[in-house]
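>>> Following is a predicted model, sequence given first.
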Amino acid sequence: MLKLILRNVTPFINAQTLGGVLLALAALVALVLSNSPWSDFYQKLLDFPVAVHIGADALVLAKPMLIWVNDLWMAVFFFLVGLEIKRELIDGELASVRQVLLPAGAALGGMVVPALIYAVINAGDAVALRGWGIPMATDIAFALGILVLLGARVPVSLKIFLTAVAIIDDLGAILVIAFFYTADLSLTMLLSAGAGAFVLLMLNRLKVVAIGPYVIVGLVIWVCVLKSGVHATLAGAITALAIPMADGKGGSPLQRAEHALHPWVAYLILPVFAFANAGVFLGDVRPQTLLQTVPLGIAAGLLLGKPMGVFCFSWLLIRFGGARLPDQSSWLQFAGVAALCGVGFTMSLFIGSLAFEGADAAYASQVKMGVLLGSALSATLSILMLLRPARPHQTQP
């Protein structure tokens, strides 16, 4: 069983490693540009208007470059996330109750505890409380990239565990965005998106295995969702869930789409997103700035809440729920991986852009500072823990 899991997950992990490096470089370039004489050029690039006209101006989509990246490109990312979730649920680490128990509990703890810490720190400020979902996220590219760079110091079972936790975490992020980070809803557009989802279901039921028809319908759903008030990225996840797992001839349309999309997401879409969203002017940053409730709540949620939630919920499941510590790993290594879940970065920045959409521009800078600080400290803490020698915990067969 482990060999089968390794065969499926190893290419994914390898792709995330280089993707994580590119993410870091893209974020670094954004930070340098934002604090250099080129800062105006950087901002104008993000504000550059791009318009798409469909028909005789029957439908016009006019948005700045930053919104196109956050709404359309990230919809492609969530399409890939949806493919991964479906594959894992049907034929992967989430395919049985026993397999899903530990990563699901860990992911739940890693979402609930940081959200509570953020809410406590920001209690009494209705606007700031909108950011409670920001520290719930885990950046799978960064997290897996760090694990792989640590090499044989980290058991493969922990890499598989982190992959499963991050995938469930992404599912949680989709639900949070759908239910809590939406604008005023348009019933007409929602019904149109629902009709598109029904067409996807019919394509699946009719055993259509070509990806093209699903993508075309998915684009229509994306436009409808964009106009409905629900965040448009959800259209990607909806479309992905309709892609058939098997074609009846021994092949898998879902896995073909997943493998084809991985390089584009890891090497282009996520680095561009990081470049567009990580730029923050640091000239006015003072110690007291980082102690404002929003960046403090985010950083504390990522650095403290994430590892506490992941580790404590996992310990309870292992102690009382019949779950097992991943093979050949120690509690110290497990705690190191729990700390690594606090690297929120791209997903935290994305949720932050939704949480304070339309609010004072100062919140955007506070979100970026909190996310960058919390993610960097979480990564540092995790590396220090994982570099320490530890005796493997021998699990029972």
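Noted; the coordinates are in hand. Numbering: from 1, shown residues only.

>>> Okay, helices next: where are they in the stretch 201-350 of the chain?
Along the stretch 201-350 of the chain, counting by DSSP state H, counting those that start in this stretch, helices occupy 211-228, 234-242, 253-264, 270-277, 287-290, 293-300, 306-320, 331-340, 345-355.

>>> which residues sit against the longest one?
Helix 211-228 is touched from outside by 59, 61, 71-72, 75, 79, 185-186, 189-190, 192-193, 196-197, 199-200, 203, 208, 231-232, 234-236, 238-239, 242-243, 253, 256-257, with contacts defined as Cβ atoms under 8 Å, 6 or more residues apart in numbering. Bear in mind the C-beta positions are built from the backbone N, C-alpha and C, glycine included.

>>> list the buried ones in that helix?
Neighbour-count burial for helix 211-228, counted by 16 or more other Cβ atoms under 10 Å, picks out 211, 214, 217-218, 220-228.

>>> got the angle for that helix vs helix 234-242?
With axes from the mean of the first three to the mean of the last three Cα atoms, to 10 degrees defining the directions, helix 211-228 sits at 150 degrees from helix 234-242.

>>> circling back: which of the helices of the stretch 201-350 of the chain sits closest to residue 90?
helix 253-264 (8.5 Å; Cβ to Cβ).

>>> From the chain's centroid, how far away is that closest one?
17 Å (Cα atoms, centre = their mean, to the nearest Å).

>>> if we can go back for a sec, go through the helices of the stretch 201-350 of the chain and name the closest to residue 120.
Taking the helices of the stretch 201-350 of the chain one by one with Cβ to Cβ, helix 293-300 is closest: 8.1 Å.

>>> Would you confirm that residue 369 contacts residue 290?
Yes: using Cβ atoms under 8 Å, residue 369 is in contact with residue 290, at 6.3 Å.

>>> more neighbours, those two?
Under the criterion of other Cβ atoms under 10 Å, the comparison of residue 369 against residue 290 puts residue 369 first, with 21 against 14.

>>> Quick check: chain neighbours aside, which residue is closest to that one?
Once flanking residues are discounted, residue 369 sits nearest to residue 295: 4.6 Å by Cβ to Cβ, 6 or more residues apart in numbering.

>>> Could you do residue 379 as well?
Closest residue to residue 379 apart from its sequence neighbours, by Cβ to Cβ, 6+ apart: residue 343 at 5.2 Å.

>>> Please name the residues that touch that neighbour.
138-139, 142-143, 146, 302, 375, 378-379, 382.

>>> ok, now residue 279?
30-31, 33-34, 42, 46, 368 are the contacts of residue 279 under Cβ under 8 Å, 6+ apart.

>>> roughly how far apart are it and residue 359?
From residue 279 across to residue 359, the span is 18 Å (Cβ to Cβ, to the nearest Å).

>>> And residue 239, by the same measure?
30 Å.

>>> Same check on residue 241?
In terms of Cβ to Cβ, residue 241 sits 32 Å off from residue 359.

>>> Got the phi and psi for the nearest residue to residue 171 once chain neighbours are set aside?
Among residues not flanking residue 171 along the chain, residue 85 sits closest, at 5.5 Å (Cβ to Cβ, 6+ apart). Main-chain dihedrals, residue 85, degrees, to the nearest 10: phi -60, psi -50.

>>> again, but for residue 53
Dihedral angles (degrees, to the nearest 10) for residue 53: phi -110, psi 120.

>>> confidence score at it?
pLDDT recorded at residue 53 is 72.

>>> Give me the nearest residue to it, chain neighbours excluded.
What sits nearest to residue 53 in space, not counting adjacent residues and going by Cβ to Cβ, 6+ apart, is residue 60, at 5.5 Å.

>>> give me the low-pLDDT residue ranges for the protein?
Across the chain, the ranges flagged by pLDDT under 70 are 1-17, 55-59, 92-96, 183-184, 284-285, 389-397.

>>> So for it, the centremost residue is which one?
Geometric centre of the chain, nearest residue: residue 347, 4.2 Å, by Cα atoms, centre = their mean.

>>> Look up the closest residue to that one, ignoring the ones flanking it.
Residue 347 sits nearest to residue 137 (Cβ to Cβ, 6+ apart), 3.4 Å away.

>>> Kindly report the same for residue 231.
In this structure, residue 231 finds its nearest non-sequential neighbour in residue 177, 5.2 Å apart by Cβ to Cβ, 6+ apart.

>>> Can you give me the buried ones in the helix or strand where that neighbour lies?
Here residue 177, judged by DSSP states H and E, is contained in helix 156-180. For helix 156-180, a neighbour-count test (16+ other Cβ under 10 Å) marks 156-174, 176-178 as buried.
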